[in-house]
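Asks: Here is a sequence together with a model predicted from it:
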Amino acid sequence: MGVLRLVPAILGGMLSILSFTTQATVVTYDLSFETNDQSIWDTGTSYQLNKTNFMGVAWEDQKVNLDLMAGSANDQFINIDRVTYDAAFGLCTLAYSASTCINGQAGQAYVPALGNRPSVRSCGTWDFGCQAARLVDLGKRATYDTAYAACRLAFSSSVCIKGQPLKLPVAALGTAPPQYVDIDTRNGIELNGSTDGRVGLEVGIQIDSGSVDAKVSYQASLDIPDTTALTPGATISFNPNSLLSGTNTLDTTFSTVKLSVDAIMQLSGNVTVEACASLLVVHGCAVGGLPFNIDEKVPVLSFNQDGEGGIELLGRAPSAFGLPVPDGFPLAFDIAGMADLSIYLPQPNASGGLDPTTNTLKASGQDDLVDLILDLDNIVASAAGVPGLFGNSLPSLEIGALEVGSFGYDIINVGMGPTIDLVQEFELDPTLWVTLLFDHQVEILGQLVTEFTSPWDLLPSIKFLFDNTLVTPTFFLDADLLNQTLLDFDLNFLIDLLQITYEFPLLDVDGKLGIGNVLDKAVDLFQSPALYSKLFDLQGFNALSGDSFMIALGTDSRLPDTRSTSRVNNTIILPEISADQVPEAGTLLLLCIGLGGLLGLRRRTGAVQVRPGAACQVLA
């Protein structure tokens, strides 16, 4: 009923447009949307798992000590020097003071005191008694002077006059040494170390769910009319139109699984060694250190590390060890000489682009899954009781016990059998949407808005209420991706004639001679129903902001400065539309019939017209 109430308003707006035909300018935006690394199975990004699990022993900062050292670095013993000192000090103090024994004294010789120089009396000339006494005085003085002169040769004047006693020299003992001393008595070796590390197996798995990359390019056009004769309240239809053009690509990568088992030895740390030894009275110690770092990773088992399904043991193919294990995909089996069975690891990566017939992007990929080739000539010969009738081995060429060459022949070799391929087909159906931002309110479908979101091709007419309104478009995609995964069955025919096979193992030479292949043909049989089929939203596309334009009523509108756009993050979320929000088909059908009768005009380049088909597209 809400839609029915809007119909008169819509018709009124359209009729007001039809009342005049004005010249319009066509504006085209070049749009290019991209998305990468989206899942090929459902909505969302590609799922990638890269996980490892360690099984073993791990440790951190573990200490190691090996003590083979005897003795101690600080053993206390009585100081021999103290014992000697105490004995010497005791003897010294028997004759000298403690101070003299500690500080010592210098030795000095005995010097008798000469006293003062003797005087000589004075006498008269004829005083013979006095003269005799005077001669004695002169003799004493001469003796004194001789003794004094001799004394002065070794001693000071004071010592010669006053004399000095005899002193024996005493050596200074000094301060007493400590009673006990610390002596390093260690002998032997001590080792200290610290380590970090882990030793064991590391199991790894890598799973890629598969991914899809797409690029969708549009040319989106609209008509900007001549607005010089329009007034506020005028309704304008921009006649939007979109066309897929330019670069349109759709590429997918199939899921992969990789497995690995590696032997891990990681050790790091350091070792310090101290060695001590005593030899007689000589003692010494030496210290040395050695850091180490071991980081080894050895492959034990791996699968599909090369992306081709290969299997490796200890970094080599199983056949290198003579093991009855295939080296990886494809797995080949000989069924009693009657058939060859091959099993592959398929990678049906798809690549494609725009299909103009459906206006969608399509991509398909196909890869081998199973081949079963029956050896018909051998089956017939075995059924007739003569196996090897059409081909067999010839006697080998030998020199002694050494086989030099081997030979075989095939008169006819007929092979036939089914081949099964894994197929993935994708179809991307994009819809161009736009969000219009207005700097003033406009009326759309009876509602006053400043922002409106709609499919570009179904953008309704807009009533502009102000003289000047700036319009900014932001384009984005709503895209559905259909994934269909199925099996393709073919029948292969193969005929070889008159062939001789040879092999010289010493020369590493082998080959075939003869007519060889005369028929190799494959016939398409059928495709299975889809093993997996799902239609889902493909997300991750960027949004594009277009250059703004101005709708100026009563004067010339301003066109966008450029047709290019700038990439912006897509934060637009389309709401879910409930059933009661969808217009009744009958209502829109009546509207389309009415518009079809009113409009006999075809759209001309540069003319503003109402396109009834735009409204009728909702019916689809």
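Replies: Structure's in. What do you need? Residues are numbered from 1 along each chain as shown.

Asks: how much distance is there from the helix or strand containing residue 503 to the middle of the chain?
Replies: Element membership of residue 503 [criterion: DSSP states H and E] is strand 468-504. Distance, stretch centre to chain centre, for strand 468-504: 31 Å (CA atoms, centre = their mean, to the nearest Å).

Asks: same question for that strand, mean pLDDT?
Replies: Taken as a whole, strand 468-504 has a mean pLDDT of 88.

Asks: With stretch 307-317 instead?
Replies: 83.

Asks: Now the strand holding residue 503: buried residues?
Replies: By 16 or more other CB atoms under 10 Å, the buried positions in strand 468-504 come out as 468-469, 471-479, 481-488, 492, 494-496, 499, 501. (Each C-beta comes from the backbone N, C-alpha and C, glycine too.)

Asks: Which neighbours in the sheet does it have, and how are they oriented?
Replies: With DSSP bridges as the test, strand 468-504 is paired with strand 402-444 (antiparallel), strand 509-527 (antiparallel), strand 532-538 (antiparallel), strand 543-546 (antiparallel), strand 549-552 (antiparallel).

Asks: For the second one, output the C-alpha coordinates as CSV.
Replies: Which is strand 509-527. Output in CSV follows, covering the C-alpha atoms of strand 509-527 (Å, rounded to 0.1, in the frame of the first residue of the first chain):
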residue,chain,number,x,y,z
VAL,A,509,69.8,-44.9,-23.1
ASP,A,510,66.3,-46.2,-24.0
GLY,A,511,63.7,-45.5,-26.7
LYS,A,512,61.4,-46.9,-29.4
LEU,A,513,61.6,-47.6,-33.1
GLY,A,514,58.8,-48.3,-35.6
ILE,A,515,55.6,-46.8,-36.9
GLY,A,516,54.4,-45.8,-33.5
ASN,A,517,51.2,-44.0,-32.7
VAL,A,518,48.6,-43.9,-35.5
LEU,A,519,45.5,-42.9,-33.3
ASP,A,520,45.2,-40.9,-30.2
LYS,A,521,41.7,-39.5,-29.8
ALA,A,522,39.5,-38.5,-26.9
VAL,A,523,35.7,-38.4,-27.0
ASP,A,524,33.6,-36.3,-24.6
LEU,A,525,31.1,-38.5,-22.9
PHE,A,526,29.2,-36.5,-20.3
GLN,A,527,29.5,-34.3,-17.2
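
Asks: tell me the mean pLDDT for it?
Replies: 78.

Asks: hmm, back to that, show me the one of the strands paired with strand 468-504 that comes nearest residue 30.
Replies: Among these, strand 543-546 comes nearest to residue 30, with 9.4 Å by CB to CB.

Asks: Can you give the distance of the closest one from its chain's centre?
Replies: 32 Å.

Asks: Now that strand - C-alpha only, PDB.
Replies: What follows is strand 543-546, C-alpha atoms only, in PDB (Å, rounded to 0.1, in the frame of the first residue of the first chain):
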ATOM      1  CA  ALA A 543      34.400   1.500  -3.600                       C
ATOM      2  CA  LEU A 544      35.000   4.400  -6.000                       C
ATOM      3  CA  SER A 545      34.300   8.100  -5.200                       C
ATOM      4  CA  GLY A 546      33.300  10.100  -8.300                       C
END
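
Asks: Next, the buried residues of it.
Replies: 543-544, 546.

Asks: what do you get for stretch 348-366?
Replies: Within stretch 348-366, the residues that qualify as buried are 348, 350, 352, 354-355, 360-366, counting by 16+ other CB under 10 Å.

Asks: Can you check the distance spanned by it, start to finish?
Replies: End-to-end distance of stretch 348-366 (CA to CA, to the nearest Å): 4 Å.

Asks: Check stretch 533-547 too.
Replies: Span of stretch 533-547 from end to end, CA to CA: 40 Å.

Asks: Which positions within the longest helix along the chain qualify as buried?
Replies: Longest helix in the chain, counting residues (DSSP state H): helix 128-152. Along helix 128-152, these residues count as buried under the neighbour rule (16+ other CB under 10 Å): residue 151.

Asks: tell me which residues of the very next helix or strand once past that helix are tucked away?
Replies: Per DSSP H and E, the first helix or strand lying C-terminal to helix 128-152 is helix 157-162. Buried residues in helix 157-162, counted by 16+ other CB under 10 Å: 159-161.

Asks: Give the closest residue to residue 79 in space, chain neighbours not counted.
Replies: In this structure, residue 79 finds its nearest non-sequential neighbour in residue 181, 4.7 Å apart by CB to CB, 6 or more residues apart in numbering.

Asks: which secondary structure elements does the host helix or strand of the one you found contact?
Replies: Assigned by DSSP H and E, residue 181 belongs to strand 180-183. Contacting strand 180-183 under the criterion 3 or more CB pairs under 8 Å, 6 or more residues apart in numbering; DSSP states H and E are the following elements: strand 75-78.

Asks: Please work out the average pLDDT along the strand it packs on.
Replies: 82.

Asks: which residues are contacting it?
Replies: Here strand 75-78 makes contact (CB atoms under 8 Å, 6 or more residues apart in numbering) with 179-185.

Asks: pLDDT and neighbour count added to those, as JSON lines?
Replies: Converted to JSON lines, these look like this (pLDDT from 0 to 100; neighbours: other CB atoms under 10 Å):
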{"residue": "179", "pLDDT": "86", "neighbour count": "13"}
{"residue": "180", "pLDDT": "87", "neighbour count": "10"}
{"residue": "181", "pLDDT": "83", "neighbour count": "14"}
{"residue": "182", "pLDDT": "82", "neighbour count": "12"}
{"residue": "183", "pLDDT": "80", "neighbour count": "14"}
{"residue": "184", "pLDDT": "79", "neighbour count": "15"}
{"residue": "185", "pLDDT": "79", "neighbour count": "15"}
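
Asks: Just give me the closest of those residues to residue 238.
Replies: residue 184 (100.0 Å).

Asks: what number of residues lie near the nearest residue in space to that closest one that is not next to it in sequence?
Replies: Of all residues not flanking residue 184 in the chain, residue 73 sits nearest, at 4.9 Å (CB to CB, 6+ apart). Neighbourhood size, residue 73 [other CB atoms under 10 Å]: 12.

Asks: Find me the pLDDT at residue 603, would you?
Replies: 36.
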